[in-house]
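Chemist: I would like to see how this sequence folds:
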Amino acid sequence: MRINRRDFVKLTTVAAAGLAAVPAFGGLSKAFAAPAVDRAKNLDPKWTKQTTSVCAFCSVGCGLLVNTSLETKRAVNVEGDPDHPINEGSLCAKGASSIQMTENPDRPGKFLYRAPYGEEFVEKDWDFCKKRIARLIKDSRDKSFQEKNDKGQVVNRTMGIASLGSAALDNEECLAMHSFMRSLGLVYVEHQARI
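Modeler: Predicted structure coming up:
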């Protein structure tokens, strides 16, 4: 039997409609309707707070709607923002799964650290990593800090650290990051979108 593309689409559409309508297959129509009902129940404004955000995966800057539980203060749902001018509510596969960046039980909570000139990796937690990064920033800043330039003018800058911003940050995050970098005295502050 020869079949063209148009006939194939017609056959698959009829087959899918038939499967969804037949309760003998476990009530597929109920299975498709259940997530929407559950989702509406989960997004009840009585116990969640909805905020807008920006997807952090690439530099397109798609808008997200994030529902956070008022009880646990954790994200319960992330979806595309229909009022956002870039994505108009649609999300790619990465953006649709962006809730896994924060609400993922498989996300590692410990990290492997190898001391300078060391040969073995040792497991460390977040607190160690944050303190280590802060210590390295402080040491590098202290070593490369210039209070005055060659002409004797006060510059208060550090030439040993650079910052590369992300296009996935929203305006408020960019302002906070830029203000922090300038408060350290950084001169080399760049952004991903310009490179």
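Chemist: hey, which helix is longest across the protein?
Modeler: Secondary structure assigned by DSSP state H gives helix 126-144 as the longest helix of the chain.
Chemist: quick check, central residue of the chain?
Modeler: Within the chain, the residue whose C-alpha comes closest to the C-alpha centroid is Ala56; the distance, by Cα atoms, centre = their mean, is 3.5 Å.
Chemist: work out for me the element it sits within.
Modeler: In the assignment (DSSP states H and E), Ala56 maps to no helix and no strand.
Chemist: isn't it right up against Gln100?
Modeler: No - the pair Ala56 / Gln100 is not scored as a contact, 11.7 Å apart, by Cβ atoms under 8 Å. (Each C-beta comes from the backbone N, C-alpha and C, glycine too.)
Chemist: what's the neighbour count on Asn4?
Modeler: Using other Cβ atoms under 10 Å as the criterion, Asn4 is surrounded by 8 other residues.
Chemist: next: the one 10 residues further on.
Modeler: Using other Cβ under 10 Å, the number of residues around Val14 comes to 10.
Chemist: may I see the buried residues of the lengthiest strand in the chain?
Modeler: Across the chain, the strand with the greatest residue count (assigned by DSSP state E) is strand 154-165. Applying a neighbour-count criterion of 16 or more other Cβ atoms under 10 Å, the buried positions in strand 154-165 are Arg157, Thr158, Gly160, Ile161, Ser163, Gly165.
Chemist: please apply the same query to stretch 54-71.
Modeler: In terms of neighbour count (16+ other Cβ under 10 Å), stretch 54-71 has its buried residues at Val54, Cys55, Ala56, Gly61, Cys62, Gly63, Leu64, Leu65, Val66, Asn67, Thr68.
Chemist: what sits up against it?
Modeler: Residues lying outside stretch 54-71 but in contact with it, judged by Cβ atoms under 8 Å, 6 or more residues apart in numbering, are 42-43, 47-53, 74-81, 83-87, 90-92, 94-95, 98, 101, 166-170, 192-193.
Chemist: filter these to the buried ones?
Modeler: A residue is treated as buried here by neighbour count (16+ other Cβ under 10 Å); on that basis the buried members of the contacts of stretch 54-71 are 48, 53, 75-81, 84, 87, 91, 95, 98, 167-169.
Chemist: what about those residues, which are in strands?
Modeler: Judged by DSSP E, strands contain the following of the buried ones among the contacts of stretch 54-71: Thr48, Ser53, Ala75, Val76, Asn77, Val78, Glu79, Gly80.
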